[in-house]
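Undergrad: Kindly return the folded structure for what I paste below:
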Amino acid sequence: MRKRILVLTLILAILAFAAPGQAQAVTDIHAAFSVGSHTYSRYGYLYNMDVAPFIENNRTYIPIRFIAHAIGISNDNIAWDPSVGSVTLVDGSTVVSLTVGSTIIYINGSPRAMDASAIIRDDRTFLPARYVAEAFDKAVYWSNETKSVQILWDEAYPPSPPPVYTNTPPVPSYTPEPTPSQDNTPLPRYTWQFRGGEWYWDSNVSQGTANTILEYYKKKPRPHRSELDYITTYCMDPEDDKALTALANELRIRGKIAGLDKYETIELGVSFVQGLEYVSDSLSTGYDEYPRYPIETLLEQRGDCEDTSIFLATMLRELGFGSALIFLPGHCAVGVKGADTLPGTYYLVDGVRYYYLETTAPGWPIGTMPEEYLDKKAIVLPLP
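TA: Okay, the predicted model is just below:
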């Protein structure tokens with residue numbers, strides 16, 4: 001049981017501190033705070049807090065001192081005046097000050113209104129993160145799936161760990177329990193082409209951590225007697241749902257930053273999966289048939305048509321789009337729910353159109369099917 005809990009923790013860590021981006025304009029998630037958690041991330045490293053963020057009146061309150069740390073403000077540039085209950089933060093030429101109970105924040109002396117005031121709880125001053133972060137030109141996003149506040153800014157990740165603050169000692173990102181491999185080499189960068197540009201995603205996960213998860217999954221059931229097994233076993237695995245939800249959320253954020261609509265966000269997810277290496281089961285595992293769970297395909301960065309289809313169909317579901325597995329003779333693909341006005345090849349299931357998606361190579365648009373399968377009968381199974 002302890003091993004299972006450790007693996008689930010590692011799976012969540014994979015996505016919690018991931019850094020997707022576009023090579024031409026790098027905007028990474030540099031810091032994240034989760035509701036109820038006594039740790040926060042900065043540049044992929046975890047730091048302790050003596051208090052945890054909480055939600056009140058539909059606002060997520062985070063301790064101001066730790067927000068300041070997360071965006072790079074040192075203790076020397078944080079001043080607390082207990083006589084009036086004010087906090088002053090300094091970063092370069094920017095000076096930000098606010099007072100407990102007041103809905104006014106001052107940025108270089110100019111007042112700005114807030115819809116919430118700073119409050120004191122557990123001897124810490126809390127405020128919704130947006131006001132402090134945006135005062136220092138950082139972008140703030142809320143992830144409803146992970147209940148976390150994510151802070152972004154235009155700056156590449158540093159080559160070494162960030163400085164350690166005296167009252168926020170770092171904790172290891174992963175439990176140092178014996179693993180099949182202690183290889184600390186990071187996983188290779190995920191790269192793919194989309195809309196004429198190169199996109200990338202750095203998972204910040206070591207090969208040793210990935211090996212721990214993969215060894216755990218090797219022991220899981222691997223049925224493939226019928227097409228339904230692929231839905232009920234691999235697409236419905238509860239242990240990697242949160243990781244896939246987090247990845248889907250990161251892609252959704254990337255899409256929002258790039259100005260993509262819902263359909264284009266689907267295309268972004270499709271191109272990510274199409275960028276994975278195609279490899280047959282016989283070459284990669286020695287078995288003629290070896291279906292992979294989505295997290296395995298993600299960590300190994302490869303798979304055959306069934307593996308990448310399971311991965312993409314599950315991720316599309318987490319993105320909030322209806323999806324299906326399409327089984328053809330000797331082949332597997334994905335169907336994505338679409339409107340009647342969309343062009344391309346589709347299958348009609350209970351009055352719903354599922355447009356064909358090819359996952360095995362880059363460049364296949366939604367609705368475009370390889371010619372060898374155009375006249376073949378298919379089994380289409382929508383995901384619950």
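Undergrad: Count the residues that sit near Ala70.
TA: 26 (other CB atoms under 10 Å). The C-beta positions use only the backbone N, C-alpha and C, and glycine is treated the same way.
Undergrad: One more: Pro362?
TA: 15.
Undergrad: same thing with the one 3 residues further on?
TA: The number of residues packed around Pro365, counting by other CB under 10 Å, is 13.
Undergrad: mind pulling up the phi and psi values for it?
TA: phi -70, psi 160 (degrees, to the nearest 10).
Undergrad: The one 3 residues further on too?
TA: Here the main-chain torsion angles of Thr368 (degrees, to the nearest 10) amount to phi -100, psi 120.
Undergrad: What's the separation between it and Glu296?
TA: 27 Å (CB to CB, to the nearest Å).
Undergrad: When those two are compared, which one has more neighbours?
TA: Glu296 (24 against 14).
Undergrad: Before we go further, the more buried one is sitting in a helix, right?
TA: Yes - under DSSP: H, G, I helix; E, B strand; the rest coil, Glu296 falls within a helix.
Undergrad: Which of the three states applies to the residue nearest to it when sequence neighbours are not counted?
TA: Excluding the flanking residues, the one nearest Glu296 by CB to CB, 6 or more residues apart in numbering is Tyr217, at 5.4 Å. The local conformation at Tyr217, judged by three-state DSSP, is helix.
Undergrad: Got the confidence number for Tyr217?
TA: According to the prediction, Tyr217 has pLDDT 91.
Undergrad: so what's Lys337 closest to, chain neighbours aside?
TA: Using CB to CB, 6+ apart, the nearest residue to Lys337 is Gly322, at 3.0 Å.
Undergrad: quick one: contacts for that neighbour?
TA: Contact partners of Gly322, counting by CB atoms under 8 Å, 6 or more residues apart in numbering, are Leu316, Val336, Lys337, Val352, Tyr354, Pro382, Leu383.
Undergrad: Paired strands for the strand or helix carrying the third one, with orientation please.
TA: When elements are assigned from DSSP states H and E, Lys337 belongs to strand 331-338. When sheet partners are counted by DSSP bridges, strand 331-338 sits next to strand 323-328 (antiparallel), strand 352-357 (antiparallel).
Undergrad: do you know which of the ones you listed lies nearest Ser309?
TA: strand 323-328 (5.9 Å; CB to CB).
Undergrad: Would you mind pulling the contact partners of that closest one?
TA: 227, 230-231, 235, 309-310, 312-314, 316-317, 332-337, 347, 349, 354, 356, 373, 376-383.
Undergrad: Sort out which residues of it are buried, please.
TA: Ser323, Ala324, Leu325, Ile326, Phe327, Leu328 (16 or more other CB atoms under 10 Å).
Undergrad: Distance check, the residue lying closest to Ala333 once chain neighbours are set aside against Ile231.
TA: Take Ala333 and drop its neighbours on the chain: the residue closest to it by CB to CB, 6+ apart is Ile326, 4.5 Å away. Per CB to CB, Ile326 is found 12 Å from Ile231.
Undergrad: Then Tyr106?
TA: 56 Å.
Undergrad: Now go through the contacts of strand 323-328 and say which are in strands.
TA: Members of the contacts of strand 323-328 lying in strands (criterion: DSSP state E): 332-337, 347, 349, 354, 356, 379-382.
Undergrad: Pull out the buried members of those.
TA: Buried among the ones in strands among the contacts of strand 323-328 (16+ other CB under 10 Å): Cys332, Ala333, Val334, Gly335, Val336, Lys337, Tyr347, Tyr354, Tyr356, Val380, Leu381, Pro382.
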